[in-house]
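Participant: just the structure for this:
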Amino acid sequence: MRRTAYTVIGVLILCVMLFPVYWMLNASLQPSGNTLTAGFLPLHPTFSGYKRAFDEQGGNLVTSVIIAVGTVVLSLAIATPCAYALSQFRSRWVSIGLLAILISQMIPGIVIANALYTAYERIGLLNSIPGLIIANCSSGIPFAILILRSFMMSLPPSLVEAARVDGAGLFRAFVAIVLPISKNSLITAGLFSFLFSWSDFLFALTLTTKGGVRPVTLGIYQYLGTQVQNWNAVMATAVLSAIPAIVLLIAAQKYIAAGAIGGAVK
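Facilitator: Reported below is the predicted structural model:
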């Protein structure tokens, strides 16, 4: 009886949490108008909102994909060797470095955005995709280092030592032995870096002053001011922007679970 009650409560909580997602999907299929007057079910669904969203926000979606993929590549390229070094070195400076990484995660994003704006204005990275990629890496790299290091600390040193005995150098042993074994944690760190970048709004708003480079989060924000009487297009854009994150989370959930707890058990 108690187990059934817990199940019912869990289902109710899940329904409450998922209702905004359902209403977003429902409103995207409704004819143009206010979402407050929309029916609970799309009895006469229309895809005009999705057509308009593709026509007007398709370029912003592509921009977000490019920025997110670039963030993942750069974050992993920097965080992976750093994490391996921090997992292998035995020095009191390692603890200081980890503390600095943790502190960097606590710095408010607006502080980083303002500092980057001043620097970008001088070096010409405002309104550019590389500028947004570098900015998003400020969130992705520290998190990836922490995730990857916790896993790499559990790797047996004998694996790398055996490769060194066979004639492999440090770099080759790292690429041929450490990286394949760390696949789960790499996927986990890469996925979170992608999500950090995909959902970023603050850097996009601060570091883009023109319409040439506009991620989808900023596109939706600016969309609201001109489409207040056409909510199906706004909600359709929100649905389209949520699809990549949902697909990636579903596809990589087993790797996330394994990567997140991989460093907890030796």
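Participant: show me which positions of the helix or strand harbouring residue 8 end up buried.
Facilitator: Per DSSP states H and E, residue 8 falls inside helix 2-28. The neighbour-count check on helix 2-28 (16 or more other C-beta atoms under 10 Å) flags 24, 26, 27, 28 as buried. Every C-beta, even on glycine, is put in place using the N, C-alpha and C of the backbone.
Participant: again, but for stretch 62-79
Facilitator: 63-65, 67-72, 74-76, 79.
Participant: cool, and stretch 158-172?
Facilitator: Taking 16+ other C-beta under 10 Å as the criterion, stretch 158-172 shows 160, 163, 168 as buried.
Participant: closest one to residue 232 out of the buried residues of stretch 62-79, please.
Facilitator: For the buried residues of stretch 62-79, the closest approach to residue 232 (C-beta to C-beta) belongs to residue 64, at 21.0 Å.
Participant: that older thread, what average pLDDT does the helix holding residue 8 get?
Facilitator: For helix 2-28, the mean per-residue pLDDT is 89.
Participant: by contact count, what packs against it?
Facilitator: Contacts defined by 3 or more C-beta pairs under 8 Å, 6 or more residues apart in numbering; DSSP states H and E place helix 2-28 against helix 231-251.
Participant: just want the angle from the helix it packs on to helix 2-28.
Facilitator: Orientation check (axes from the mean of the first three to the mean of the last three C-alpha atoms, to 10 degrees): helix 231-251 against helix 2-28 gives 140 degrees.
Participant: mind listing what's buried in helix 231-251?
Facilitator: 231-241, 244, 248.
Participant: follow-up on the earlier one: can you lay out the buried residues of helix 2-28 as TSV showing distance to residue 3?
Facilitator: Shown next, in TSV, are the buried residues of helix 2-28 (distance: C-beta to C-beta, whole Å):
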residue	distance to residue 3
24	33
26	32
27	36
28	37
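Participant: and of these, the nearest to residue 55?
Facilitator: Looking across the buried residues of helix 2-28 and measuring by C-beta to C-beta, the closest to residue 55 is residue 28, at 14.8 Å.
Participant: quick check, the closest one in contact with residue 239.
Facilitator: Yes: here residue 28 reaches residue 239: they are 5.1 Å apart, a contact under C-beta atoms under 8 Å.
Participant: helix or strand with the lowest mean pLDDT in the protein?
Facilitator: helix 253-261 (a mean of 64; mean pLDDT, DSSP states H and E).
Participant: helix or strand right after the host helix or strand of residue 144?
Facilitator: Assessed by DSSP H and E, residue 144 sits inside helix 129-152. Downstream of helix 129-152, the first helix or strand assigned by DSSP H and E is helix 157-165.
Participant: just the C-alphas of that following helix, formatted as PDB.
Facilitator: The C-alpha trace of helix 157-165 is given here as PDB (Å, rounded to 0.1, in the frame of the first residue of the first chain):
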ATOM      1  CA  PRO A 157      48.700   3.100 -13.300                       C
ATOM      2  CA  SER A 158      49.800  -0.300 -14.600                       C
ATOM      3  CA  LEU A 159      47.900   0.300 -17.800                       C
ATOM      4  CA  VAL A 160      50.000   3.300 -18.800                       C
ATOM      5  CA  GLU A 161      53.100   1.700 -17.400                       C
ATOM      6  CA  ALA A 162      52.600  -1.300 -19.700                       C
ATOM      7  CA  ALA A 163      52.200   0.900 -22.700                       C
ATOM      8  CA  ARG A 164      55.400   2.800 -21.700                       C
ATOM      9  CA  VAL A 165      57.300  -0.500 -21.400                       C
END
